[in-house]
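> Kindly return the folded structure for what I paste below:
(one chain, ligands or ions: 2)
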Amino acid sequence: MLQTHLCHSSLSKNIFPTTRIQFVQGLMAKTRQSTRASNLANPVVDNLERTGSKHNPDHEPPKKRFKLEMTSGRGLDPVSKDHECSKPNEKRKKKAKNAAVDTDDFLPRVDSPWKVGAHVSAAGGVENAVANAAAIGATAFALFLKSQRKWESPPLQDTSVTEFKKRMKEFGYSPRVVLPHGSYLINLGNPDIEKREKSYACFLDDLKRCEDLGLELYNFHPGSTVGQATLSTSIGHIAECINRAHKETSVVTVVLENMAGAGNIIGSEFSHLAGIIEQVEDKMRVGVCLDTCHAFAAGYDIRTQEGWNSTITKFDHQVGLKYLCGMHLNDSKTTYNSRRDRHENIGLGHLGLLAFQHILTDPCTQNIPLILETPNFEQPAAVWGKEIEVLHRISDSKRQTSPNSDSVLDVEALVQEVKDSVKSVEAKGNKASGKARKGGKASKTASKRKRKVKESDEDGEDEDGVGQEDA
Ligand SMILES: [Zn+2]
Ligand SMILES: [Zn+2]
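Ligands and ions are numbered 1, 2, ... in the order given. Below is the predicted model:
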């Protein structure tokens, strides 16, 4: 069964031919050389950093922990694009192909069949997401293809697309471990035809962006009845939109996410997802992404090994394991069956660290993107880097433990490591905001951090009113 579906068919091949650490190290040396060859102060870098967040206010700029050198600002800033267009320059065009990333501080990647990463920032251009993933030692990643809370965004620039594809190769990421996340506004289940059409346009635009970037998966929230339709009517609308989109695109697989189940949101029960898939004509191009926090909040108790086994068995019976294309690894701030979507760092919430050990030792989650959407407090390497490392350690520990082995996993110590990484980043943030207050300035850092945490909660339904209930 597994081999027949698109989510798994290409995975039997060597999905990650280039992730071996030796290769990455060789690459790093090579990249360092090219970076050093062009390490003169570059005004465009400043331009990139200044304008990155301006045009994409919902994307936090990446922490300047590695130097990003772009010899052209095209594709990153509409203003500089016009400027460049008015001054065609062969030399500059040639240089634009030689963007380089300083990989000095990049964390090592673990060679494992479980591909663990995070939803990284794409501020300043989608190509930056690739480097941001590599920087934290991720072997999979997610990104937004455009602002996730705006109906319309400027199209992807050609230079961004070229650089994205180039970096995917350079850093050894297969498209099958990249799980772009769709706009939060999209509601294909809305019974209001005008609103649904608006969502469909945004959805189709996202899918086309995937195809332009050579990506094969696209994850989105199924939708909401907005309290004005029956579940089955909305499910019908969602399936119909997917069928339409399949005809207007060629390769991308649409990946439905399970939801926490607040209000009228569809997707908290596996049967909802099955109901949608049932009506999709091209079943090779539909899949599911399981979010651990959402599942737990929706009443699937995955805290114990037995709980995980029974959940995944239910999933197989109701939906089919062949449709599992990815997972979101989030701990939960809220209790079991809370129907609320509040992500917490791994091991620090109500799920606990061991819940993730069951997942990271289950063969059915191998070679699919396993994505952290946990609060990162603006320091992806410190927090996500630590979470990725800890997740691999709990995975290895269980697999390597034999009856004769005396290696016992110290769960408390690992949880403490995650806690410490979060604390150290929080402390830095407080220090920075304290300084700002002393200087009489408003504390931007603190509010930014708060927002970053908030963005890790997805449903938005009862927090900010933006989300599928309104869309
Ligand atoms: Zn989501
Ligand atoms: Zn969520």
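> If you count neighbours, what's buried in the helix ranked longest in the chain?
Scanning the chain for the longest helix, with DSSP state H as the assignment, gives helix 411-438. Along helix 411-438, these residues count as buried under the neighbour rule (16 or more other C-beta atoms under 10 Å): 414, 415, 417, 418, 421, 422, 425, 429, 432, 433. Bear in mind the C-beta positions are built from the backbone N, C-alpha and C, glycine included.
> Do I have it right that the third one meets residue 391?
No - between residue 417 and residue 391 no contact is recorded; they are 11.5 Å apart, counting by C-beta atoms under 8 Å.
> count of residues packed around residue 350?
In terms of burial, residue 350 registers 18 neighbours under the definition other C-beta atoms under 10 Å.
> what separates it from residue 301, distance-wise?
According to C-beta to C-beta, to the nearest Å, residue 350 and residue 301 sit 10 Å apart.
> and if you look at residue 150?
When residue 150 is compared with residue 301 (using C-beta to C-beta), they lie 37 Å apart.
> tell me the secondary structure for the residue nearest to residue 321 when sequence neighbours are not counted?
Counting by C-beta to C-beta, 6 or more residues apart in numbering, the nearest residue to residue 321 once its immediate chain neighbours are dropped is residue 364, at 5.5 Å. Secondary structure, DSSP: H, G, I helix; E, B strand; the rest coil: residue 364 is helix.
> Show the pLDDT at residue 364.
At residue 364, the predicted lDDT confidence score is 97.
> which residues does it contact?
If you count contacts by C-beta atoms under 8 Å, 6 or more residues apart in numbering, residue 364 has them with 312, 321, 324.
> For the first one, give me its contacts.
Contacts of residue 312 were listed using C-beta under 8 Å, 6+ apart, and they are 321, 362, 364.
> Which strands and helices lie in contact with the longest helix of the chain?
Applying 3 or more C-beta pairs under 8 Å, 6 or more residues apart in numbering; DSSP states H and E, one finds that helix 411-438 makes contact with helix 380-400, helix 444-455.
> hmm, stretch 143-157 in reach of ligand 2?
No - legend: contact between stretch 143-157 and ligand 2 by C-beta under 5 Å from the ion is lacking; minimum distance shown is 12.4 Å.
> Count the residues that sit near residue 197.
Neighbouring residues of residue 197 were enumerated by other C-beta under 10 Å; the total is 12.
> where does it fall, helix, sheet strand or coil?
The three-state assignment at residue 197 reads helix, by three-state DSSP.
> just residue 201 next, same as before
helix.
> residues near it, how many?
When neighbours are counted by other C-beta under 10 Å, residue 201 registers 13.
> Please apply the same query to residue 194.
One way to gauge burial is a neighbour count; for residue 194, by other C-beta under 10 Å, it gives 8.
> got a pLDDT number for it?
Predicted confidence (pLDDT) at residue 194: the value is 98.
> what about it, distance to residue 201?
When distance is defined by C-beta to C-beta, residue 194 is 11 Å away from residue 201.
> before we move on, what about residue 135?
As defined by C-beta to C-beta, residue 135 lies at a distance of 34 Å from residue 201.
> ok, now residue 228?
When C-beta to C-beta is applied, the distance between residue 228 and residue 201 equals 21 Å.
> Let me see the backbone angles for the closest residue to ligand 1 within the stretch 151-300 of the chain.
The stretch 151-300 of the chain approaches ligand 1 most closely through residue 257 (4.8 Å), counting by C-beta to the ion. Summarising the backbone geometry of residue 257 under the convention degrees, to the nearest 10, its torsions are phi -100, psi 140.
> quick one: contacts for it?
Applying C-beta under 8 Å, 6+ apart, the residues near residue 257 are 219, 220, 221, 222, 267, 288, 289, 290, 291, 294, 328.
> what bits of the stretch 51-200 of the chain have low per-residue confidence?
51-99 (pLDDT under 70).
> what do you get for the stretch 301-450 of the chain?
For the stretch 301-450 of the chain, residues meeting the criterion pLDDT under 70 lie at 401-408, 430, 432-450.
> And the residue of it closest to ligand 2?
Closest to ligand 2 within the stretch 301-450 of the chain is residue 341: 4.1 Å, counting by C-beta to the ion.
> how near is that residue to ligand 1?
Distance of residue 341 to ligand 1, given as C-beta to the ion, to the nearest Å: 9 Å.
> Residue 425 now?
When C-beta to the ion is applied, the distance between residue 425 and ligand 1 equals 23 Å.
> let's number from 356 now, not from 1
Fine by me, first position is 356 from now on; the one you just mentioned is residue 780.
> From what I see, that residue and residue 734 are in contact.
Yes - counting by C-beta under 8 Å, residue 780 sits close enough to residue 734 to count as a contact (4.5 Å).
> So for the two, which residues contact both of them?
Going by C-beta under 8 Å, 6+ apart, no residue sits against residue 780 while also sitting against residue 734.
> Please name the residues that touch residue 519.
Residues near residue 519 by C-beta under 8 Å, 6+ apart: 480, 481, 482, 484, 485, 568, 569.
> Now name the helix or strand holding the fifth one.
Element membership for residue 485 (DSSP states H and E) is helix 482-490.
> What is that helix packed up against?
Helices and strands in packing contact with helix 482-490 are listed as strand 495-497, helix 513-525, helix 735-755; criterion 3+ C-beta pairs under 8 Å, 6+ apart.
> closest to residue 639 out of the ones you listed?
Closest approach to residue 639 among the helices and strands packed on helix 482-490 is made by strand 495-497 (21.3 Å; C-beta to C-beta).
> about what we covered before: tell me the SS of the residue of the stretch 656-805 of the chain closest to ligand 2?
The assignment at residue 696 comes out as coil when based on three-state DSSP.
> Then the one 10 residues further on?
Here residue 706 is coil, with the state taken from three-state DSSP.
> got the contact list for it?
For residue 706, the residues meeting the contact criterion (C-beta under 8 Å, 6+ apart) are 647, 648, 651, 657, 658, 686, 687, 699.
> what's the distance between the fourth one and residue 510?
Remark: distance between residue 657 and residue 510 (C-beta to C-beta) = 40 Å.
> what sits opposite the nearest residue to the residue of the stretch 506-655 of the chain closest to ligand 1 once chain neighbours are set aside in the beta ladder?
For residue 612, the nearest residue in space outside its immediate sequence neighbours is residue 644; the separation is 4.8 Å by C-beta to C-beta, 6+ apart. As for beta bridges, residue 644 partners with residue 612, residue 681 under DSSP bridges.
> Burial check on residue 644, number of neighbours?
Other residues within reach of residue 644, judged by other C-beta under 10 Å, total 28.
> Now stretch 652-664: buried residues?
Neighbour-count burial for stretch 652-664, counted by 16+ other C-beta under 10 Å, picks out 652, 653, 655, 656, 657, 662, 663.
> How about stretch 620-640?
Across stretch 620-640, burial judged by 16+ other C-beta under 10 Å covers 620-625, 627-632, 635, 640.
> can you pull the contacts of the nearest residue to residue 652 once chain neighbours are set aside?
Excluding the flanking residues, the one nearest residue 652 by C-beta to C-beta, 6+ apart is residue 615, at 3.9 Å. With contact taken as C-beta under 8 Å, 6+ apart, residue 615 is in contact with 623, 648, 649, 652, 653, 693, 694, 695, 696, 814.
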